[in-house]
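# 3D model of this:
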Amino acid sequence: ILRQWFGQQGWYDRKELSYRKLVDLVFLSTMGPPGGGRQDVTPRFLRHFNIIGLVEMSEASKTLIFGSILTSFLQNFEGGLVTMAETIVAGSLHVFDRVVAELLPTPAKSHYTFNLRDLAKIFQGVLMCSPKIINSKEGLARLWVHEVRRVFADRFTNADDHAWMRDLLHHKVEGELGLVWDEVVPHDRIVYGDFMNSELDYNQRLYDEIPDLAKLKAVVEEYLVDHNSESKQPRPLVMFTDAIEHVARIARILRQPQGNALLLGVGGSGRQSMTKLATYIVGFQLCGVEIVKGYTLNDWREDLRRILMQAGVKDTPTTFLFSDVQIIDERMVEDINNILNSGDVPNLYAAEDLEAISSACRIECQKKKIPATKLNIFTQYIIRVRRNMHLVVCMSPLGEAFRNRLRNFPALVNNTTTDWFTNWPAEALQSVGKSIIETADLGLGDYLQQSVTMFKTIHLSVEKSSIEYYEMMRRRNWVTPTSYLE
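Predicted coordinates for the structure are as follows:
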């Protein structure tokens, strides 16, 4: 269709059957390099363009940009922490280069795609700390290790990749930062958050390490009790260690500017429950769509318009929770991709909506002393939407549909922070099973603990046998937390 404009300068109006000629148009287009499963663009279309190739940013340019940002930020920190800026930038660049070169995407790891946004997220995470909290080199190094893990390691699918990352960070901490690994990372689980004191206002909370996991569990369970008391659909969740870590990770993503999450895991792994709890912890409004019989694309657009206007017109921090089981048309994923990229969906708003947007966002133009034209007002609305809207997309990494969606809609990975939900560990199976049987009160008495252990052992043995079955027969048997709960 676009090539027709280049050839004939217009298109036919199919209603009036007249030719519409468009004048004074300049096309500015972007495209990724060929390969990687991208849509092929015919040379007959490209011949109309003057093509400019953008080479990847040089190491010197990256060092200058991130070094300037980090050095400026650390000026006010005590203990000479500003001297670490250069080595942290060099270490981050080396980790990023190694990850890009060695952790390549495969059919089983199609989300292993990394770009400069991931590198920037490391520094964005480090910049969330406060001089009131970080006052030692070990503390700053520990925060840096944590942020690298959150950006890269949270998307890893197996223990081998995690071990590779741990060895790489061990080498960086001791080799380049000149610190002792066991002092920087005294235990394997490092958790940071700003929600331990719920009495503080959201803007007064400080991002700090949470070393006491028992206290963290108690605080999260307290939030859960408060959430269930206010919710129309209370959730009797069992907060085991892995679940608490996921809540902290999602809360960390939501507190960041334009923080969006891609949660990958099989059904029943707790992606949506953890998101709802994390949203309550950070004090945002939770929104979503409800798919019912007869739900159409027009209903989807109406829901989308309502949620975006809540974030933009009402200026309300909002978490938009969306799951792949709600996809009834691939155009829904395209709209999600557009929101992640630009904060807008084309042709979404009616005239009365634009009037409400104009009334709400005109003041933003006045504050910034720019002309209150239609274009400027709508631009301020988009800025509001991107500031307040946090998308959390829950997907199952199984099957061809997931790989196709990542290939067709790259913003699902490029503009989000990925969190991979692994199989439930034995501790989780034990605590969840015990809670369910105690709630049911089956009168097992002294045999309750043995009964829970039996359920756990059967589930773990089926998981193990399913792997052996795949290696022998090349056929999958999926074992999910849902089947354990049933």
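# all strands for the stretch 51-200 of the chain, in order.
Along the stretch 51-200 of the chain, counting by DSSP state E, counting those that start in this stretch, strands occupy 192-193.
# how about the strands in the stretch 201-350 of the chain?
For the stretch 201-350 of the chain, strands defined by DSSP E, counting those that start in this stretch occupy the ranges 208-209, 261-264, 285-287, 318-323.
# among the ones you listed, which is nearest residue 452?
Closest approach to residue 452 among these (Cβ to Cβ): strand 261-264, 27.5 Å. (Each C-beta comes from the backbone N, C-alpha and C, glycine too.)
# Which positions within the closest one qualify as buried?
For strand 261-264, the neighbour count (16 or more other Cβ atoms under 10 Å) marks 261-264 as buried.
# what do you get for stretch 117-127?
118-126.
# one step back: tell me which of the buried residues of strand 261-264 is nearest to residue 20?
The shortest gap between residue 20 and any of the buried residues of strand 261-264 belongs to residue 262, at 40.6 Å (Cβ to Cβ).
# Run through the bridge partners of that closest one.
Judged by DSSP bridges, the bridge partners of residue 262 are residue 393, residue 418.
# what about the stretch 1-150 of the chain, any weak spots by pLDDT?
Along the stretch 1-150 of the chain, the parts satisfying pLDDT under 70 run over 35-38.
# and the lengthiest helix in the chain, what does it pack onto?
Longest helix of the chain, by residue count under DSSP state H: helix 448-473. On a contact count with 3 or more Cβ pairs under 8 Å, 6 or more residues apart in numbering; DSSP states H and E, helix 448-473 meets helix 426-440, helix 481-485.
# circling back: please convert the buried residues of stretch 117-127 to JSON lines, extending it with distance to residue 88.
Listed next are these as JSON lines, based on distance: Cβ to Cβ, whole Å:
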{"residue": "118", "distance to residue 88": "16"}
{"residue": "119", "distance to residue 88": "12"}
{"residue": "120", "distance to residue 88": "14"}
{"residue": "121", "distance to residue 88": "14"}
{"residue": "122", "distance to residue 88": "9"}
{"residue": "123", "distance to residue 88": "9"}
{"residue": "124", "distance to residue 88": "13"}
{"residue": "125", "distance to residue 88": "12"}
{"residue": "126", "distance to residue 88": "7"}
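# For these, work out which two are farthest apart.
Greatest spacing in the buried residues of stretch 117-127, by Cβ to Cβ: 118 and 126 (13.8 Å).
# returning to what we had before: just the buried residues of strand 261-264 now: which is nearest residue 271?
Distances from residue 271 to these, taken by Cβ to Cβ, are shortest for residue 263, at 4.2 Å.
# Now that closest one: closest residue in space, sequence neighbours ignored.
Nearest non-adjacent residue to residue 263, counting by Cβ to Cβ, 6 or more residues apart in numbering: residue 271, 4.2 Å away.
# Give me the buried positions along stretch 321-336.
Buried residues in stretch 321-336, counted by 16+ other Cβ under 10 Å: 321-324, 327, 332-333, 335-336.
# picking up where we left off before, looking at the buried residues of stretch 117-127, which one is closest to residue 67?
If you rank these by distance to residue 67 using Cβ to Cβ, residue 123 comes first, at 9.9 Å.
# Tell me the one of the buried residues of stretch 321-336 nearest residue 276?
After measuring those against residue 276 - Cβ to Cβ - the closest member comes out as residue 321, at 7.2 Å.
# for the helix or strand containing residue 364, what is the average pLDDT?
For residue 364, the element it lies in under DSSP states H and E is helix 351-368. For helix 351-368, the mean pLDDT works out to 91.
# Dump the C-alpha coordinates for it into CSV.
Below are the C-alpha coordinates for helix 351-368, written out as CSV (Å, rounded to 0.1, in the frame of the first residue of the first chain):
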residue,chain,number,x,y,z
ALA,A,351,-14.0,13.6,19.7
GLU,A,352,-15.3,13.8,23.3
ASP,A,353,-12.3,12.0,24.5
LEU,A,354,-10.0,14.5,22.8
GLU,A,355,-11.9,17.3,24.5
ALA,A,356,-11.4,15.7,27.9
ILE,A,357,-7.7,15.2,27.2
SER,A,358,-7.5,18.9,26.1
SER,A,359,-9.1,20.1,29.4
ALA,A,360,-6.9,17.9,31.6
CYS,A,361,-3.6,18.5,29.9
ARG,A,362,-3.8,22.1,28.8
ILE,A,363,-2.3,23.1,32.2
GLU,A,364,0.8,21.0,31.5
CYS,A,365,1.5,23.3,28.5
GLN,A,366,1.0,26.3,30.7
LYS,A,367,3.5,25.0,33.3
LYS,A,368,6.1,24.3,30.6
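# can you pull the contacts of the residue sitting nearest the centre point of the chain?
With distances taken as Cα atoms, centre = their mean, the residue of the chain nearest its centroid is residue 261 (1.7 Å). By Cβ atoms under 8 Å, 6 or more residues apart in numbering, residue 261 lies in contact with 250, 253-254, 275, 390-393, 416-419.
# run the last query once more with 7 Å
Residue 261 makes contacts with 250, 253, 392, 416-417, 419, as judged by Cβ atoms under 7 Å, 6 or more residues apart in numbering.
# same deal with residue 128?
residue 207.
# Count the residues that sit near the residue nearest to residue 263.
25 (other Cβ atoms under 10 Å).
# residues touching the nearest residue to residue 216 once chain neighbours are set aside, list them.
Using Cβ to Cβ, 6+ apart and skipping the chain neighbours, the partner closest in space to residue 216 is residue 210 (4.9 Å). Applying Cβ under 7 Å, 6+ apart, we find residue 210 in contact with 191-193, 196, 216.
# Of those residues, select the buried ones using a ChimeraX command.
In ChimeraX, this line selects whichever of the contacts of residue 210 come out buried by 16+ other Cβ under 10 Å:
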select :191,192,193,216
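# Make JSON lines from the contacts of residue 210 and add pLDDT to it.
Output for those, formatted as JSON lines (pLDDT from 0 to 100):
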{"residue": "191", "pLDDT": "94"}
{"residue": "192", "pLDDT": "95"}
{"residue": "193", "pLDDT": "93"}
{"residue": "196", "pLDDT": "89"}
{"residue": "216", "pLDDT": "94"}
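# Redo the contacts of residue 210 as JSON lines? Include distance to residue 377.
Converted to JSON lines, the contacts of residue 210 look like this (distance: Cβ to Cβ, whole Å):
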{"residue": "191", "distance to residue 377": "42"}
{"residue": "192", "distance to residue 377": "38"}
{"residue": "193", "distance to residue 377": "37"}
{"residue": "196", "distance to residue 377": "40"}
{"residue": "216", "distance to residue 377": "44"}
